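Novice: Predicted model and sequence follow; I will ask about them next.
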Amino acid sequence: MLKVRNLSKSFRGFVVLRNINFEIERGEVVGIYGPNGSGKSTLLKCIAGLEKPDCGKIILEDRNITGLKTWEVVEAGVVYAFQIPKPFKSLSFLENVAIPLMRFYGKDEALKLARDILSKFDLADLADRRAEKLSQGETKLLEILRAYATHPHVMLLDEPFASLDMENALRLKEKLKIMKEESQSMIITTHRRKIISDLAVRFYKLEGGVLGAEG
Amino acid sequence: MKRFFEVAVVIIIALASYFAGSFYKWLFSLMAIYALITISWNFMKTIGRLSMGHALLFGLPAYVSAIAYQYSFELSLYLYPLTVVLSGILFFIFSKITGRTAFVFLTLIASITLWVLAPKIVVEKDGTLIGGEVGFDFFNASSDHIFFLSLISLVVIYVLASWILSSRFGYFMRAVGDDETASKAVGINVDRVKFTAIVCSSIFSGIAGLLYALDFGHVSYEVFSVEISIFPFVASLLSGGSPFLSVISSFFLVFLKRSLNSIYPGLMDVFYALVLVFSPKIGGLVYVKGKKLIEKL
């Protein structure tokens, strides 16, 4: 479904990604792991349109989405969740989740659908809490639910477990399992492979900008 | 219901001014015009852009129309909406090429530039040079017309702005105001939202500028004064960010300006300076303590 072909990216002459090739099929969860600074976030940002690759192609269901603006990539069905969550602080948890839905539905309908999503993930009690008053773990959940809300073709989750304690990491993992059961395709980056070992069907190791396949 | 109550309060103030005599009737028109600038400023603030050059959006369409009016009424009618949109596009370009902090200064510099340049603009009419520091004569409306036009404009624009802000587009505006990158990541076309919001803000200010020109029947370089740019910031600061209270605080500030300047000319400028110097303190007091008080109530 999503294919990355010969993708390279450098910043001021420093090569961050070198000739990256990989793909993900519908309903798959793929893990990309590697040490800090190995280029994991840059790879996902290139796919999401937040960074422009120097060369290479990103193909989503036979459509070349390379170089599209971020919102166009999202419209195509690829949504990125930030490593450091970026909630809309003036809005509530519910409104944050409803925002992406508002691209397709009216305000009231979007809010209703967002409420349904929160109920499905047992987060209804957070609905009216303003994003600026959420804990770190709750903010992470918000970031991921916001990406999930429109059921995109592929979710790009950048280090979703980073800086979470065990309790919150497990709580988040539970939610990701529910999404996996719904055949939601995801690319998850992490520097701790173990934590997503039972989520991902395939792993790639990214080191020094080079991606190697592994199981 | 809440909106109905807010509009009712504005209409009551207007009627009280109307029956209090011609001075208060005129003062209300001025209050409404300044309140429109504040609404326009708040609207732009929602997308995270603080303008310190709203005098440009306020004054430029009226100024250009006044120059055109020297030649023909029709020309002034065509140029007014064109300048409103062009002023909005200029601010949109500013928002594209600058970050949030630089936008504040760039808009301020742009409006000050006009304030400096406008007195140097002279045009020839019937063999004589007009304009310069004196400015240009404009169509003069009667005080009753201005009163009702100002009141209707204020009510319509306030309701319209409130409706937009609570709509789906308003949510996008708030999202863009909170975080532009995150907005892009959820699929919002940030440029489209910013452009629409800034042009709307320009229209609101442009209407205020036109009413101001009609009220005085004259437009001079004073429409670009720094005071007009600072005014909505101060009004918004004193209101704690509430749209309705910012309208009321605009009323209060215009009233205060008349009172202070009648005691000693320029005293209001001292007030503005003090508010700006102590704005972090006032902001903290109004926002934090004000919010707590409202929560308690």
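Specialist: Yep, it's here.
Novice: CA atoms only: put stretch B:256-272 into CSV for me.
Specialist: Coordinates of each C-alpha in stretch B:256-272 appear next as CSV, following Å, rounded to 0.1, in the frame of the first residue of the first chain:
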residue,chain,number,x,y,z
LEU,B,256,-11.6,57.5,29.2
LYS,B,257,-9.7,59.1,26.3
ARG,B,258,-12.2,61.9,26.0
SER,B,259,-12.1,62.5,29.8
LEU,B,260,-8.3,62.3,30.3
ASN,B,261,-7.5,64.4,27.3
SER,B,262,-10.0,67.1,28.4
ILE,B,263,-8.1,67.2,31.8
TYR,B,264,-4.7,67.5,30.0
PRO,B,265,-4.1,66.9,26.3
GLY,B,266,-2.0,63.8,25.8
LEU,B,267,-2.8,62.3,29.2
MET,B,268,-4.4,59.3,27.4
ASP,B,269,-1.0,58.6,25.8
VAL,B,270,0.5,58.4,29.3
PHE,B,271,-2.2,55.9,30.2
TYR,B,272,-1.4,53.8,27.1
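Novice: What residues does chain A have near chain B?
Specialist: A:48-50, A:69-71, A:74-75, A:79-82, A:86-91, A:95, A:98-100, A:102-103, A:106-107, A:110, A:146-147, A:150 (CB under 8 Å from any CB of the partner chain). Just so you know, the C-beta spots here come from the backbone N, C-alpha and C atoms, and that holds for glycine as well.
Novice: contacts for the helix or strand hosting B:F147?
Specialist: Here B:F147 sits within helix B:143-166, counting by DSSP states H and E. For helix B:143-166, contacts defined as CB atoms under 8 Å, 6 or more residues apart in numbering or on different chains pick out B:3, B:6-7, B:10-11, B:14, B:18, B:22, B:25-26, B:28-29, B:32-33, B:35-36, B:39, B:42-43, B:46, B:141, B:170, B:173-174, B:200, B:204, B:207-208, B:211, B:214-215, B:243-244, B:247.
Novice: at 6 Å what do you get?
Specialist: Applying CB atoms under 6 Å, 6 or more residues apart in numbering or on different chains, the contact partners of helix B:143-166 are B:7, B:14, B:25-26, B:29, B:32-33, B:35-36, B:39, B:43, B:170, B:204, B:207, B:211, B:215.
Novice: My guess is A:E23 contacts A:K3. True?
Specialist: Yes: judged on CB atoms under 6 Å, A:E23 makes contact with A:K3 at a distance of 4.4 Å.
Novice: In terms of neighbours, single out the busier of these two.
Specialist: Just comparing A:E23 and A:K3: by other CB atoms under 10 Å in any protein chain shown the higher neighbour count belongs to A:K3, 16 against 13.
Novice: can I assume that one sits in a strand?
Specialist: Yes: applying DSSP: H, G, I helix; E, B strand; the rest coil, one finds A:K3 inside a strand.
Novice: close enough to count as contact, it and A:I24?
Specialist: No: the pair A:K3 / A:I24 is not scored as a contact, 8.2 Å apart, by CB under 6 Å.
Novice: who in the stretch 101-250 of chain B is up against chain A?
Specialist: B:R168, B:Y171, B:R174, B:A175, B:D178, B:D179, B:A182, B:K184, B:A185, B:V186, B:G187, B:N189 (CB under 6 Å from any CB of the partner chain).
Novice: Redo the residues you listed as JSON lines? Include neighbour count, pLDDT and secondary structure.
Specialist: What follows is these, written out as JSON lines (neighbours: other CB atoms under 10 Å in any protein chain shown; pLDDT from 0 to 100; DSSP: H, G, I helix; E, B strand; the rest coil):
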{"residue": "B:R168", "neighbour count": "19", "pLDDT": "96", "secondary structure": "helix"}
{"residue": "B:Y171", "neighbour count": "22", "pLDDT": "97", "secondary structure": "helix"}
{"residue": "B:R174", "neighbour count": "21", "pLDDT": "96", "secondary structure": "helix"}
{"residue": "B:A175", "neighbour count": "27", "pLDDT": "97", "secondary structure": "helix"}
{"residue": "B:D178", "neighbour count": "22", "pLDDT": "96", "secondary structure": "helix"}
{"residue": "B:D179", "neighbour count": "19", "pLDDT": "95", "secondary structure": "coil"}
{"residue": "B:A182", "neighbour count": "24", "pLDDT": "95", "secondary structure": "helix"}
{"residue": "B:K184", "neighbour count": "24", "pLDDT": "95", "secondary structure": "helix"}
{"residue": "B:A185", "neighbour count": "27", "pLDDT": "94", "secondary structure": "helix"}
{"residue": "B:V186", "neighbour count": "28", "pLDDT": "95", "secondary structure": "coil"}
{"residue": "B:G187", "neighbour count": "24", "pLDDT": "94", "secondary structure": "coil"}
{"residue": "B:N189", "neighbour count": "20", "pLDDT": "95", "secondary structure": "coil"}
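Novice: Including distance to B:D269, could the residues you listed go into JSON lines?
Specialist: Shown next, in JSON lines, are these (distance: CB to CB, whole Å):
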{"residue": "B:R168", "distance to B:D269": "42"}
{"residue": "B:Y171", "distance to B:D269": "39"}
{"residue": "B:R174", "distance to B:D269": "34"}
{"residue": "B:A175", "distance to B:D269": "37"}
{"residue": "B:D178", "distance to B:D269": "34"}
{"residue": "B:D179", "distance to B:D269": "36"}
{"residue": "B:A182", "distance to B:D269": "40"}
{"residue": "B:K184", "distance to B:D269": "42"}
{"residue": "B:A185", "distance to B:D269": "44"}
{"residue": "B:V186", "distance to B:D269": "44"}
{"residue": "B:G187", "distance to B:D269": "46"}
{"residue": "B:N189", "distance to B:D269": "42"}
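Novice: give me every residue that touches B:V223.
Specialist: B:V223 neighbours (CB under 6 Å, 6+ apart): B:G59, B:Y63.
Novice: list the contacts for B:E133?
Specialist: B:P119.
Novice: quick one on the thing from earlier: would you put the C-alpha positions of the helix holding B:F147 in CSV?
Specialist: Extracted C-alpha coordinates of helix B:143-166, given in CSV (Å, rounded to 0.1, in the frame of the first residue of the first chain):
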residue,chain,number,x,y,z
SER,B,143,-24.6,62.2,12.9
ASP,B,144,-27.8,60.2,12.9
HIS,B,145,-26.7,58.2,9.9
ILE,B,146,-23.3,57.5,11.4
PHE,B,147,-24.9,56.6,14.7
PHE,B,148,-27.1,53.9,13.2
LEU,B,149,-24.5,52.7,10.7
SER,B,150,-22.0,52.3,13.5
LEU,B,151,-24.5,50.5,15.7
ILE,B,152,-25.6,48.2,12.9
SER,B,153,-22.1,47.5,11.8
LEU,B,154,-21.0,46.7,15.3
VAL,B,155,-23.9,44.4,16.0
VAL,B,156,-23.6,42.6,12.6
ILE,B,157,-19.8,42.2,12.7
TYR,B,158,-19.8,41.1,16.4
VAL,B,159,-22.5,38.4,15.7
LEU,B,160,-20.8,37.4,12.5
ALA,B,161,-17.3,37.2,14.1
SER,B,162,-18.7,35.2,17.1
TRP,B,163,-20.5,32.9,14.7
ILE,B,164,-17.4,32.3,12.6
LEU,B,165,-15.3,31.6,15.7
SER,B,166,-17.7,29.0,17.0
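Novice: that older thread, most neighbours out of the contacts of helix B:143-166, which is it?
Specialist: Top of the contacts of helix B:143-166 by neighbour count (other CB under 10 Å): B:A32, with 30 neighbours.
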